[in-house]
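>>> Sequence plus predicted model, see below.
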Amino acid sequence: MDHHWDFASVFANTDALLVGAAGTLRIFAICLVLGLSLGLVVGLGRYAHSKWAYLPATAFVEFFRNTPVLVQILWFYFAMPILLPFEISPLAAASLGISLNSAAFSAEIYRGGIQSIERGQWDGARALGMGWGQAMRRIILPQAVKRMLPALTNRAIEIFKMSTLASAVAYVELLQQGKLIASLNFNPIEAYTAVAVIFFIFLWPLVQFTYVLERRLKRDE
Amino acid sequence: MAYQWDFTPVLANTPLLAQGLLNTLKVTGASLVCGLALGLVLALLRLSPRRWLAVPAGFIIEVFRTTPPLVQLFWFFFALPLVIGVEMTPFVAAVLTFSIQSAAFFAEVFRGGIVSIERGQWEAARAIGMTHRQALGRIVLPQAVKRMIPAFLERSIELMKTTTLVATRSPRRPSGHSKPSPWWR
């Protein structure tokens, strides 16, 4: 079967793709910041000794890790406005779903990083008279962050890819624009290939960066 | 304003949900089996000293890891039938997508596990007179698999959750039953 390749209509719609890319970057930035910072809070809760912090944090992590992101996004978009008295935009619903999901995964990364710092550092901090918070902020976290960087960068890559799920609630991002181009010009192959190529161009440098990071950190150890 | 929780329609439709769950398990199971097999092949190709095998394998792995699963799904659902001229059911397209997608991730897990076995094991196998293939199958892989099990479990759980993406296409998937129809259908 001979397919007639039609990339011309894709190139004619670069403005639509640019709008989509802007939307993707916007939701990526929001979810990256929210997810990684909330993840730190939840991760500290997971590491804490007090069960008032530990139990809610564990419940949060277990819930958001064991349910698919798409289901969470759809729930926030369709179910939450009925329960709570305010409207929610597609961006807010998708951001909430992706951020909370990423926070749950990041929390485990933070917890693992903090746990990997040997007890001697804690003892040293205690000997100097630091409280739990001070020790965490000045001694433990700065060292832990170095070890967590590859895993956190992987999380960032995953968040970037999860941004495509926002198209399920009709948020204007790259995949949504790809669908639009495909349905208007009847060329799904070219449209979706173009979308895939754009994602690849965005993410490949980031993936290579994680490899470099891992190699550099392994050398330092 | 108190919302009246009403689960009775949901409970009344348990057969529908059960059917959806069965489909999820079918897609996950099929993709898992194919993905593991394909992942092992890809990992071995990637580790091969022959550049003409390693580079394309590496390229496939990178492409399927850096593109979003939803984009891959759309491509396999819409574009692939046109490219190869074969009509395929949503089930086949979904299993194909998730098999290759999880194969890319499994390949990295396999590769990491195999690489983590110290050189001494390879050298000892060579000293006994084993070929590369024998060393791999009898010495290295059995030890590597033990280390890779947590990562495999994690990826398998991710796979099961990723299968929900099929709901954006076919109406015969779990969340597809209760989702309102998008404008483009």
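The structure has been received and is ready for your questions.

>>> Report how many residues lie close to residue 12.
This is for chain A. A count of nearby residues for residue A:12, using other CB atoms under 10 Å in any protein chain shown, gives 11. Bear in mind the C-beta positions are built from the backbone N, C-alpha and C, glycine included.

>>> Actually, chain B is the one I wanted.
If you count neighbours by other CB under 10 Å, residue B:12 ends up with 9.

>>> separation between it and residue A:110?
From residue B:12 across to residue A:110, the span is 43 Å (CB to CB, to the nearest Å).

>>> where does the chain have low pLDDT?
Just so you know, I chose chain A. Chain A contains residues with pLDDT under 70 at A:1-3, A:220-221.

>>> not quite, I wanted chain B
Along chain B, the parts satisfying pLDDT under 70 run over B:1-2, B:170-185.

>>> Quick one: the helices in it, in order.
B:8-12, B:14-47, B:51-66, B:69-74, B:80-84, B:90-115, B:119-128, B:132-134, B:141-162 (DSSP state H).

>>> residues near residue 37, how many?
All of this refers to chain A. 13.

>>> let's do chain B instead
Residue B:37 has 13 nearby residues by other CB under 10 Å.

>>> Let me see the contact set for the most centrally placed residue in chain A.
Compute the mean C-alpha point of chain A, and by CA atoms, centre = their mean the closest residue is residue A:159, 2.8 Å away. The contact partners of residue A:159, by CB atoms under 8 Å, 6 or more residues apart in numbering or on different chains, come to A:28, A:31, A:32, A:35, A:98, A:102.

>>> Let's have these in a markdown table, adding distance to chain B, secondary structure and neighbour count.
As requested, the contacts of residue A:159 are arranged in a markdown table below (distance: CB to the nearest CB, whole Å; DSSP: H, G, I helix; E, B strand; the rest coil; neighbours: other CB atoms under 10 Å in any protein chain shown):
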| residue | distance to chain B | secondary structure | neighbour count |
| --- | --- | --- | --- |
| A:28 | 11 | helix | 20 |
| A:31 | 14 | helix | 26 |
| A:32 | 15 | helix | 19 |
| A:35 | 16 | helix | 27 |
| A:98 | 12 | helix | 27 |
| A:102 | 13 | helix | 24 |
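
>>> Let me have those in TSV, extended by distance to residue B:5.
Formatted as TSV, the contacts of residue A:159 follow (distance: CB to CB, whole Å):
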residue	distance to residue B:5
A:28	35
A:31	30
A:32	35
A:35	30
A:98	27
A:102	29
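
>>> that older thread, point out the most buried one among the helices of chain B.
Stretch with highest mean neighbour count among the helices of chain B: helix B:69-74 (a mean of 24; mean count of other CB atoms under 10 Å in any protein chain shown).

>>> For chain A, what lies in contact range of chain B?
Contact residues (CB under 8 Å from any CB of the partner chain) of chain A with chain B: A:1, A:3, A:66-71, A:74, A:78, A:82-83, A:85, A:157, A:160-165, A:167-168, A:170, A:175, A:178-179, A:182-183, A:188-189, A:192-193, A:195-196, A:199-200, A:203-204, A:207.

>>> switch the cut-off to 7 Å
A:1, A:3, A:68, A:70-71, A:74, A:82-83, A:85, A:161, A:164-165, A:168, A:175, A:179, A:182-183, A:188-189, A:192-193, A:195-196, A:199-200, A:203-204, A:207 (CB under 7 Å from any CB of the partner chain).

>>> Generate a ChimeraX selection restricted to the buried subset of those.
Buried subset of the residues of chain A next to chain B, written as a ChimeraX selection, criterion 16 or more other CB atoms under 10 Å in any protein chain shown:
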select /A:68,70,74,161,164,165,168,175,179,182,188,189,192,193,195,196,199,200,203
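
>>> So which of the residues of chain A next to chain B belong to helices?
Among those, the residues falling in helices (DSSP H) are A:70-71, A:74, A:82-83, A:161, A:175, A:179, A:182-183, A:188-189, A:192-193, A:195-196, A:199-200, A:203-204, A:207.

>>> State the phi and psi torsions of residue A:210.
phi -60, psi -40 (degrees, to the nearest 10).

>>> Excluding chain neighbours, give the residue nearest to residue 72 in space.
Looking at chain A here, since you left the chain open. residue A:97 (4.0 Å; CB to CB, 6 or more residues apart in numbering or on different chains).

>>> Not quite, go with chain B.
In space, residue B:72 is closest to residue B:97, 5.3 Å off (CB to CB, 6+ apart).

>>> Isn't the one you found up against residue B:73?
Yes: between residue B:97 and residue B:73 there is a contact under CB atoms under 7 Å: 5.0 Å.

>>> What separation do you get for the residue nearest to the centre of chain A and residue A:172?
From residue A:159 to residue A:172 the distance is 18 Å (CB to CB).

>>> residues touching the nearest residue to residue B:151 once chain neighbours are set aside, list them.
Of all residues not flanking residue B:151 in the chain, residue B:109 sits nearest, at 4.5 Å (CB to CB, 6+ apart). By CB atoms under 7 Å, 6 or more residues apart in numbering or on different chains, residue B:109 lies in contact with B:148, B:151, B:152, B:155.

>>> State the distance from the second one to residue B:116.
I take that to be residue B:151. 11 Å.

>>> The last one now?
Residue B:155 sits 17 Å away from residue B:116, taking CB to CB as the criterion.

>>> Residue B:64 too?
23 Å.

>>> Over to residue A:172?
Plainly put, residue A:172 is 44 Å away from residue B:116 if you go by CB to CB.

>>> repeat for residue A:169
41 Å.

>>> One more: residue A:65?
Counting by CB to CB - residue A:65 and residue B:116 are separated by 25 Å.

>>> more crowded one of these two?
Taking neighbours as other CB under 10 Å, residue A:65 and residue B:116 compare with residue A:65 leading, 16 against 12.

>>> Need phi/psi at that one.
The phi/psi pair for residue A:65 (degrees, to the nearest 10) is phi -90, psi -30.

>>> list the contacts for it?
So residue A:65 contacts A:104, A:105 (CB under 7 Å, 6+ apart).
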